[in-house]
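> what would the 3D arrangement of this be:
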Amino acid sequence: MRIIVLAERINYLLGCEMKLVFYNDFIPGVVSGDNIVDISEIVNGIPHIGPGDLMSRLIQNFDQYRSSIESAEKSNSGVPITSVRLRAPVPKPGKILCMAGNYLENGTLKEPRPINAFLKNRDAVIGDGDTIILPPAPVTIFHHEAEAGLVFGKRASKIKAAEAYEYVFGYVNVIDVSARGLGPEGGDGFFMGKSWHTFAPIGPYLVTADEVKDPQDLHIKLSVNGSIRQEYSTSDMGHKIPETIEWATSIATFNPGDVLFLGTNHQGLGALQDGDEVEMGIEGLGTIRLNVNENLKRKWDTGVDRSVADRIAGR
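Okay, the predicted model is just below:
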């Protein structure tokens, strides 16, 4: 029975590789080479309230629409990607769960930390070309945290690690923007530090799982104003993806379109401040580009924040 299930999953994946997007006024589309093809007519029968609900319901019922979207992808039609404004591909997920302290910091830590996570405001999602707005809060610093994110493809509750990948619809670039020093006694409070508006960039595409050969060996890179800050591999993850899904779904039920941020390697963290231009990409998942605005125009040292990198690594 298990072999049959795996074979069916492989056949499903072989037929659905693609990059899904929203563009301009949240028109649903699929990437076809250097173009984007409008799939509005294909999905117009999906009842929904807003683009976020549309994407979640499309993911949930993807088998029904897969062949038509594949045909659109192969049509050699559409408009150039460079001529449109890309939006967040999952603009309002039902929930965003973020793994905390989930990397071995380039092998510096010999054992992973106890598994832990926090919820992030789903209304904080922004997309490619948007602006991260830093609030006038009494922070010690704002940080970028480049991460791989996964999107659930079906209802997931109490999933075993061996079955975890069967519940993954696709992968996305995500950034966990963080405001430091806002918790009790100057510590880092998860809600105050993580859930401000615009603190959850996602994009530019939602890449179906079959396009990602090995999600546990992805190269992640983030640069600020052209200077590389974070550059690491998901192979350094302390709690691997199947274990993470098993743990998370033992506590909460995840639904199609929910997003799991898989954590970051802190060795390249640095400040975000007014006027910065941020680029973040993962091989195969495209590149998301963002601007940063802060009315107070506060300044921090540029480059890697060694104090945080050393503290997280236990130096």
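
> going forward, measure contacts between C-alpha atoms and count neighbours the same way
Noted.

> hey, where'd the helices end up in the chain?
2-14, 40-43, 50-60, 62-73, 190-194, 241-251, 306-313 (DSSP state H).

> buried residues, the fourth one. List them.
Translated: helix 62-73. Phe62, Arg66, Ile69, Glu70, Ala72, Glu73 (16 or more other CA atoms under 10 Å).

> that helix packs against which elements?
Secondary-structure packing of helix 62-73 (3 or more CA pairs under 8 Å, 6 or more residues apart in numbering; DSSP states H and E): strand 27-32, helix 40-43.

> now do it: distance to the chain's middle.
23 Å (CA atoms, centre = their mean, to the nearest Å).

> so which residues make contact with it?
Gly15, Cys16, Met18, Val30, Val31, Ser32, Val37, Ile39, Ile42, Val43, Leu58 (CA atoms under 8 Å, 6 or more residues apart in numbering).

> can you put the buried residues of helix 62-73 in a markdown table and add pLDDT and distance to Arg155?
Shown next, in a markdown table, are the buried residues of helix 62-73 (pLDDT from 0 to 100; distance: CA to CA, whole Å):
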| residue | pLDDT | distance to Arg155 |
| --- | --- | --- |
| Phe62 | 97 | 13 |
| Arg66 | 95 | 19 |
| Ile69 | 97 | 23 |
| Glu70 | 96 | 24 |
| Ala72 | 96 | 27 |
| Glu73 | 95 | 27 |
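
> list just the nearest of those residues to Ser223.
Glu73 (30.9 Å; CA to CA).

> from Val30, how far off is the closest one?
6 Å (CA to CA, to the nearest Å).

> pull up the overlap in contacts between those two.
Listed as contacting both Glu73 and Val30 by CA under 8 Å, 6+ apart are Met18, Val37.

> now stretch 103-111 - C-alpha only, PDB.
The C-alpha coordinates for stretch 103-111 follow below in PDB (Å, rounded to 0.1, in the frame of the first residue of the first chain):
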ATOM      1  CA  TYR A 103      20.000  26.100  12.300                       C
ATOM      2  CA  LEU A 104      23.400  24.800  13.400                       C
ATOM      3  CA  GLU A 105      25.100  28.000  12.400                       C
ATOM      4  CA  ASN A 106      27.400  26.600   9.800                       C
ATOM      5  CA  GLY A 107      28.000  23.500  12.000                       C
ATOM      6  CA  THR A 108      29.200  25.600  15.000                       C
ATOM      7  CA  LEU A 109      26.400  24.000  17.100                       C
ATOM      8  CA  LYS A 110      26.900  20.300  17.500                       C
ATOM      9  CA  GLU A 111      23.400  19.600  18.600                       C
END
